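Chemist: Next come a sequence and a model predicted from it.
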Amino acid sequence: MDFNDTPEEAAFRAEVRTFLDSVATRKSDPQDSWDKNLKNEAEAIEIAKAWQRTLHDNGWACLHWPKEYGGRAATQIERVIWDQEEGQYLVPKGFFMIGLGMAGPTIMTYGNDEQKARHLPTLASSEKVWCQLFSEPVAGSDLAGIRTKSEKDGDDWIINGQKIWTSGAHYSDWGILVTRSDPTVAKHKGMTYFMVDMKSPGVEVRPIKQITGGSGFNEVFFTDVRIPDSQRLGEVGDGWNVALATLMNERVAVGERKGGDVLELIELAKNVNINGKPAIEDGAVRAKLAKWYTEFSGLKFTRFRSISAMSRGEVPGPENSIGKLVGAAKSQDMAEFAMMLMDRAGMINDKEIAPFSGMFQQTFMQSPSGRIAGGTDEILRNVVAERVLGLPQEPRSDKGMPYNEIPTGTIK
Amino acid sequence: MNFEFSDNQKLLKDQANKFLADKCPLTTVRTILEGDEPYDKALWNDIVNMGWTAAVIPEEFDGLGLGYLELCMIAEEMGRSLAPVPFSSSVYLATEALLLSGNLEQKEQYLPKLAAGELIGTVADAEGYGSTSDEGYSVTFTDGRLTGEKMPVIDGDIADFAVVAANGAKGTSLYLVDLSDASISKEVLSTLDPTRSQARLTFNGTPAQLLGEDGAGALALEKVFDNAAVLFAFEQIGAAEAALDAAKDYAMNRYAFGRSIASFQAMKHKMADMFVALELARSNCYYGAWALSTGDVELPVAAATARVSATKAMYQCAKENIQIHGGMGFTWEFDCHFFYRRSKLLADNLGSQSLWEEKLISRVVASTAA
Ligand SMILES: Cc1cc2nc3c(=O)[nH]c(=O)nc-3n(C[C@H](O)[C@H](O)[C@H](O)COP(=O)(O)OP(=O)(O)OC[C@H]3O[C@@H](n4cnc5c(N)ncnc54)[C@H](O)[C@@H]3O)c2cc1C
């Protein structure tokens, strides 16, 4: 066991630093963020695209992708080193996660040569932004319950239906889409997976306002949308397995989250008083901080363990689920606690007034989504119980039933 | 043993429930959340007409002279409806401060107008971040005038007058201040629950009159907060129950994996836990209501117990209601976030959970030592 870089890793780290120094600004304060002074999302995307292009032109985009697809064929450890170093610079992050982290790997696994040649280069250069069209009003946790219909018509497929919660659909060029091609067979059997051009006639994107007031996700309606068969990924009826490949990568892609961890909370506790003394001196506060510190540390070193496993060539397993399971709830309860420490001023979310520019208030409103998006807490516990611990599955009342006979959504 | 509310009190609660269901559906809360008005004036007038602002004010001051058990019933329903009005500030805080500390003249001046809803009051205590309890206040009183800043003051932009805790000749004292005085500068603050206003008030030699004895403010305020803690706790359990009901309704009608999500053990256990937290809080609230209505010596312990358990129950019910709604719970369009926002407002508004935990255990320890 050794936390130090090997000579090769140290050399790689130095190379990364030299490159980043030449193209980006180092943060003067760890709280600094690239998007602090942006006017709007459009500006953010523009900057993010420009940055991704810089990376691409210099051979630093899609580190872990094979070289033939525009990547660098980097090892998992190198990828981690990159993330550690990049985190210290004021550079954009986030918009390409679905494309680079989910769509790309799925295309590499299931795409034919023509599909790879068409999509991977524009993914790598960030010319095209992708979104994930999986969830539907009637099917979130139960993804295989989707309804959106695909029907073969000559060399095309005709798509009708509705997707929901599609993050970034409003600025995406392409989407990965799962559909129901045959409702008469068991639900996992009748699905087909496509790549859809978001500018196709019949695609309509409507923003959904979130409890934060922002609109990061959307409803997407499909009305007689034509998709050429050449944009199908995987076999007809095999969409479930293709979707699973995407989701395996989602667990890796949904990594660390923004918004205040235990170290910021400790800072806050030093600076506010409760019961007549600095909160940091209060035994009950320290007990909470200790709990969150052990979770923070436990998650960090769990990540190190899975990186080590990956660097030995092992596939990240479902145990990766615990990162989000622990992290999301922790971030919500820490934000609640931070506001509690602020006492009656805890509700103030004015950036000019609130400590850490209102970060904890923002996290309080944003954090419920972490427990829902990309697999709810409850679904992740099922994954851990069934796939890691090997406990028996819940009885499935819909097992083997033809899709069109299963009760779904909010209707019986 | 009869640890229950009377039939008349239950009738009052039922009336309050129906009245608020009619006058204050969640669409009313949404209108205030999304609009520029700090509170719903029409609803406030309706509530005044119901006599609720007059409930515990004695008849000699034009009140209804009802007991605190009745006011607790009203509070639970106010909580359930998330009513966007300054009721808690005016009734549980300002009115209580006058009832507990006012001299005859002050009572005659303020109580009839509070009862008639012609005046809205609040209490201005907090001074910035963290709890201010033992430190003494930076707002000072000299030569009949107040100087300094209070932040945040709940309903500070709405209220006609405030009971201000400040540092006087003999230490912490309470003062009555007319908030229309031109010397005061007011800034409305942006908060996570815009359905209840908060403001920064700066006093610049603002005329004020002493409420209660000079130097007796800390104790007087503690009493006001103990009474208010019980009433706030009833609001919290009312709101918590509404969140649990919403979760239950949604879960029963939402299907996944071919069955109602309410049939998943994870969902059932979650809702059972919400219910258990709520029932414990409810029982503690009843005990608080009894102590408040009888003025029993156990009130300080009972109030803190009710407060601590109701704060916990409401946060739990509000956040898990979002979770049970899945993606829908994270939308602006659904109402789940109203309860989530309000849970924090009610939790932090009377002083934080940690402050009340500290009070609770100190009081329990003191009472067991005696
Ligand atoms: C911010 C955000 C961004 C998102 N982005 C995307 C995106 O880009 N693309 C996309 O396709 N989707 C996206 N989603 C959707 C997300 O994946 C779903 O919301 C999530 O899978 C839950 O599905 P649901 O909302 O239908 O809730 P439901 O599945 O209806 O769940 C409701 C409740 O039932 C519980 N439940 C369900 N099944 C079980 C079970 N078997 N056992 C126990 N409890 C159960 C859940 O845990 C939850 O508490 C996003 C969601 C959010 C909040």
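Modeler: Cool, the structure landed. These numbers were taken from a predicted model, which means no experiment stands behind them. Numbering: from 1, shown residues only, chains lettered A, B, ... in the order given.
Chemist: the domain parsing of chain A - what is it?
Modeler: Under the assignment automatic domain parsing, the domains of chain A span A:7-95, A:130-248, A:262-374.
Chemist: Which one of those domains lies nearest to B:Leu219?
Modeler: Nearest of these to B:Leu219, taken as CB to CB: domain A:262-374 at 16.2 Å. (Glycine included, C-beta is placed from N, CA and C.)
Chemist: Quick check: end-to-end length of the closest one?
Modeler: One end of domain A:262-374 to the other measures 24 Å (CA to CA, to the nearest Å).
Chemist: That one near chain B anywhere?
Modeler: Yes. For a cut-off given as CB under 8 Å from any CB of the partner chain, domain A:262-374 has contacts with chain B, namely A:271-276, A:279, A:282, A:284-285, A:332, A:336, A:339-350, A:353, A:355, A:361, A:364-365, A:368-369, A:371-373.
Chemist: lowest-confidence stretch among the domains of chain A?
Modeler: When the domains of chain A are ranked by mean pLDDT, domain A:7-95 comes last with a mean of 87.
Chemist: B:Leu219 and B:Phe161, how far apart?
Modeler: Distance, B:Leu219 to B:Phe161, using CB to CB, to the nearest Å: 22 Å.
Chemist: My error: substitute A:Thr75 in the last question.
Modeler: 69 Å.
Chemist: which residue ranges form the strands in the stretch 251-400 of chain A?
Modeler: With strands called from DSSP state E, counting those that start in this stretch, the stretch 251-400 of chain A shows them at A:273-274, A:277-278.
Chemist: same deal with the stretch 201-350 of chain B?
Modeler: Ranges of strands within the stretch 201-350 of chain B are B:209-211, B:255-256, B:259-260, based on DSSP E, counting those that start in this stretch.
Chemist: sorry, back to before: may I see the domains of chain A organised as JSON lines, with distance to B:Leu26 added?
Modeler: As requested, the domains of chain A are arranged in JSON lines below (distance: least, CB to CB, whole Å):
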{"stretch": "domain A:7-95", "distance to B:Leu26": "30"}
{"stretch": "domain A:130-248", "distance to B:Leu26": "14"}
{"stretch": "domain A:262-374", "distance to B:Leu26": "18"}
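Chemist: Ok, which of these comes nearest B:Glu76?
Modeler: Among the domains of chain A, the nearest to B:Glu76 by CB to CB is domain A:262-374 (22.4 Å).
Chemist: which residue does chain A bring closest to chain B?
Modeler: Relative to chain B, the nearest point of chain A is A:Asp398 (3.0 Å; CB to the nearest CB).
Chemist: Phi and psi next, for A:Val196.
Modeler: When quoted as degrees, to the nearest 10, the phi and psi of A:Val196 stand at phi -120, psi 140.
Chemist: So what's the residue count around it?
Modeler: 23 (other CB atoms under 10 Å in any protein chain shown).
Chemist: Which strand residues bridge it?
Modeler: With DSSP bridges applied, A:Val196 shows beta-bridge pairing to A:Gly175.
Chemist: quick one: contacts for it?
Modeler: Residues counted as contacts of A:Val196 (CB atoms under 8 Å, 6 or more residues apart in numbering or on different chains) are A:Leu133, A:Ile159, A:Trp174, A:Gly175, A:Ile176, A:Leu177, A:Val203, A:Val225, A:Ile227, A:Gln231.
Chemist: out of these, who's nearest A:Gly327?
Modeler: Within these, distances to A:Gly327 taken as CB to CB reach their minimum at A:Ile176, with 25.0 Å.
Chemist: so what's the closest one closest to, chain neighbours aside?
Modeler: Distances taken as CB to CB, 6 or more residues apart in numbering or on different chains place A:Ala103 nearest to A:Ile176, at 5.0 Å, with adjacent residues excluded.
Chemist: how far away is that neighbour from the ligand?
Modeler: Distance from A:Ala103 to the ligand, counting by CB to the nearest ligand atom, to the nearest Å: 11 Å.
Chemist: Next up, phi/psi of that residue, please.
Modeler: Backbone torsions of A:Ala103, given as degrees, to the nearest 10, read phi -70, psi -50.
Chemist: Near it, how many other residues are there?
Modeler: 28.
Chemist: if I pick it, what's in contact with it?
Modeler: Taking CB under 8 Å, 6+ apart, we find A:Ala103 in contact with A:His119, A:Leu123, A:Trp130, A:Gln132, A:Trp174, A:Ile176, A:Met195, A:Thr246.
Chemist: re the thing from before, in CSV: the strands of the stretch 251-400 of chain A, plus mean neighbour count.
Modeler: Supplementary listing: the strands of the stretch 251-400 of chain A in CSV, determined by neighbours: other CB atoms under 10 Å in any protein chain shown:
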stretch, mean neighbour count
strand A:273-274, 24
strand A:277-278, 13
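Chemist: tally of neighbours for A:Thr166?
Modeler: Number of residues near A:Thr166 (other CB under 10 Å) recorded here: 24.
Chemist: Secondary structure of it: a strand, I assume?
Modeler: No. Counting by DSSP: H, G, I helix; E, B strand; the rest coil, one finds A:Thr166 to be coil, located in no strand.
Chemist: From the opening residue of stretch A:160-174 to its closing one, how far?
Modeler: Start and end residues of stretch A:160-174 are separated by 17 Å (CA to CA).
Chemist: Distance-wise, check the closest residue to chain A within the stretch 201-350 of chain B relative to the ligand.
Modeler: Going by CB to the nearest CB, chain A is nearest to B:Gly258 of the stretch 201-350 of chain B, at 3.0 Å. Note on B:Gly258: its distance to the ligand, by CB to the nearest ligand atom, is 10 Å.
Chemist: Let me know the secondary structure of the residue lying closest to A:Asp5 once chain neighbours are set aside.
Modeler: Nearest residue to A:Asp5, sequence neighbours excluded (CB to CB, 6+ apart): A:Arg13, at 6.0 Å. For A:Arg13, the secondary structure call by three-state DSSP comes out as helix.
Chemist: show me what contacts A:Arg13?
Modeler: By CB under 8 Å, 6+ apart, the residues touching A:Arg13 are A:Asp5, A:Ile81, A:Glu85.
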